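Student: Compute the structure for the input listed below.
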Amino acid sequence: MDWMDRRCRSFEPIASFRFTACLPITRTIFRLQVAAAAAMIKVAEADDTIETVLFDFRTPGGAVNGVPELGSQIARMHKNTIGFSDSECCSGGIWLAMQCEQFFCTTSATVGSIGVWCAYLDISRQMANEGVKMNAISAGKFKLLGAYWRAMTDEERAMLQADVDRIYAQFEDAVGLHREISDEFMQGQVFDGEKACEIGLCDGLVDGIGDLLGDE
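Tutor: Numbering: from 1, shown residues only. Predicted coordinates:
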């Protein structure tokens, strides 16, 4: 448990309410957050007193590393799974939320951003204008791909685009696990809760997480 406490700094501990475990997924998603969430899912799965896991999403998304695997872990859970957001559930966050059997949000929540991108800085022209030259020693045809001191070749750009397209296709498949969403709404847009429900990203609107926990 000491290990998990150290790894879960970006998360609050699992809180259980009436046989429901509340698992927050917050802030920008990086590999450390993914590992912490995966560890807490295992704790919830092993607890026979927990019937439902409620994922509280408050994240703009982040890096893709680990997100497909964490999403699969959520989808394979033997508990009832519900996603919720009253703030942001975007990009990697919505990838994970769509693995839950149900997803609810508030009217003012921001939901969506289904898409993938990467960016590489190229200041080669600026360096040339200033008389600065980089001498790079490398082995491997693509080892310097994305280096800021050289222009990207068409072959390198095509390679990166293929990678982005492949991850985007995986993202679309993940969103479609429990629901049908038109491709026109999976182009990187974000939606408020009302629109998210209208297009099928959300199963219903609530006033807050208490509605899902049965609070009076």
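Student: what kind of secondary structure is the residue lying farthest from the centre of the chain in?
Tutor: Distance from the centre of the chain peaks at G131, with 42.2 Å (C-alpha atoms, centre = their mean). Here G131 takes the coil state, with states given by DSSP: H, G, I helix; E, B strand; the rest coil.
Student: Quick check: beta-bridge partners of L54?
Tutor: For L54, the beta-bridge assignment (DSSP bridges) gives partners C22, I82.
Student: Give the full set of residues in contact with it.
Tutor: 20-23, 82-84, 209, 212-213 (C-beta atoms under 8 Å, 6 or more residues apart in numbering). All C-beta spots, glycine's among them, are computed from the backbone N, C-alpha and C.
Student: Which one of those residues is nearest to Q161?
Tutor: Among the contacts of L54, G83 lies closest to Q161 (C-beta to C-beta), at 30.6 Å.
Student: How many residues are close by that closest one?
Tutor: With neighbours defined by other C-beta atoms under 10 Å, the count for G83 comes to 27.
Student: can you pull the contacts of the residue most central in space within the chain?
Tutor: Nearest to the mean C-alpha position of the chain, by C-alpha atoms, centre = their mean, lies G92 at 1.4 Å. By C-beta under 8 Å, 6+ apart, G92 lies in contact with 29, 59, 61-64, 67.
Student: so how far is stretch 42-50 from its chain's centroid?
Tutor: Distance, stretch centre to chain centre, for stretch 42-50: 23 Å (C-alpha atoms, centre = their mean, to the nearest Å).
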